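Asker: sequence first, then the predicted structure:
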Amino acid sequence: PQYVKPFVKRQKNDAADAEAIVIAAQRPEMRFVEPKSNAQIARGVVFRSRDRLVRQRTEQINALRSVLYEQGQVFPTGVHQMKKIAAFLQQADNGLLALVREECEELLASIYDLTARIDAKTLKLKKLSQQPEISRRLQTIPGVGPLTAMAVEAFAPSMDIFRCGRDFAAWIGLVP
């Protein structure tokens, strides 16, 4: 949009925008984006689905911690603290009302369900990361695992559009 805006001659409407797009596209310095393959789009869908599940689990964990905090019980952050919370809820003399304990156990069950679904998506992504050549090659770089390689393969444009590695690093958002 920022490259087309200088070519809009009059009021903003669909016809004026379409004309500006045509004029801008005819410029020799205009850069174009290659469309992604169907396989890349499919991998991106799985990756985003896993990301959405992680956000939902984080929301559920925060809700559980806040309910327990209101009852005077403070637990550290993180998914690895769920065992401590589950052990606390199993105690008969934990001081929680039956209704609160029941709601906390429902939240805990929901968290465990989301964790199982996240683990299944992670396993699927790890298996998928072994298929494309780009993903396999990226995993040979120290510090790049299957999920990072899969994200680059699914979301990054073709490496041919970058002049050098520094341009790709800038595209990712890394700075020297």
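Answerer: Received the coordinates, thanks. Numbers count the residues shown, from 1 in each chain.
Asker: list the contacts of the helix or strand where Met150 lies.
Answerer: Element membership for Met150, per DSSP states H and E: helix 146-155. Helix 146-155 is contacted from outside by 40, 43-44, 47, 122, 125-126, 128-130, 132, 134-136, 138-139, using C-beta atoms under 8 Å, 6 or more residues apart in numbering. Quick note: C-beta positions are derived from backbone N, CA and C, even for glycine.
Asker: now do 7 Å
Answerer: Residues outside helix 146-155 that contact it (C-beta atoms under 7 Å, 6 or more residues apart in numbering): 40, 43-44, 47, 125-126, 128-129, 132, 134-135, 138-139.
Asker: break the protein into its domains for me.
Answerer: 37-129, 132-175 (the TED database).
Asker: for these, which one sits closest to Arg31?
Answerer: domain 132-175 (7.9 Å; C-beta to C-beta).
Asker: quick one: mean pLDDT over that closest one.
Answerer: Confidence for domain 132-175, expressed as mean pLDDT, is 87.
Asker: rewinding a little: now, the contacts of helix 146-155 that are in helices?
Answerer: 40, 43-44, 47, 125-126, 128, 134-135, 138 (DSSP state H).
Asker: and the gap between the residue most central in space within the chain and Pro157?
Answerer: Centroid check for the chain by C-alpha atoms, centre = their mean gives Asp51 as the closest residue, at 3.9 Å. From Asp51 over to Pro157 the distance is 20 Å, taken as C-beta to C-beta, to the nearest Å.
Asker: got the angle for the helix or strand Ser66 falls within vs helix 146-155?
Answerer: Using DSSP H and E, Ser66 falls within helix 38-70. Angle, helix 38-70 to helix 146-155, by axes from the mean of the first three to the mean of the last three C-alpha atoms, to 10 degrees: 130 degrees.
Asker: now the next helix or strand after helix 38-70 - C-alpha only, PDB.
Answerer: Proceeding N to C from helix 38-70, the next assigned helix or strand is helix 82-90, under DSSP H and E. The C-alpha coordinates for helix 82-90 follow below in PDB (Å, rounded to 0.1, in the frame of the first residue of the first chain):
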ATOM      1  CA  MET A  82       0.800 -27.600  36.800                       C
ATOM      2  CA  LYS A  83       2.000 -30.600  38.800                       C
ATOM      3  CA  LYS A  84       2.300 -28.500  41.900                       C
ATOM      4  CA  ILE A  85      -1.200 -27.000  41.400                       C
ATOM      5  CA  ALA A  86      -2.700 -30.500  40.700                       C
ATOM      6  CA  ALA A  87      -1.000 -31.800  43.900                       C
ATOM      7  CA  PHE A  88      -2.500 -28.900  45.900                       C
ATOM      8  CA  LEU A  89      -6.000 -29.500  44.500                       C
ATOM      9  CA  GLN A  90      -5.800 -33.200  45.400                       C
END
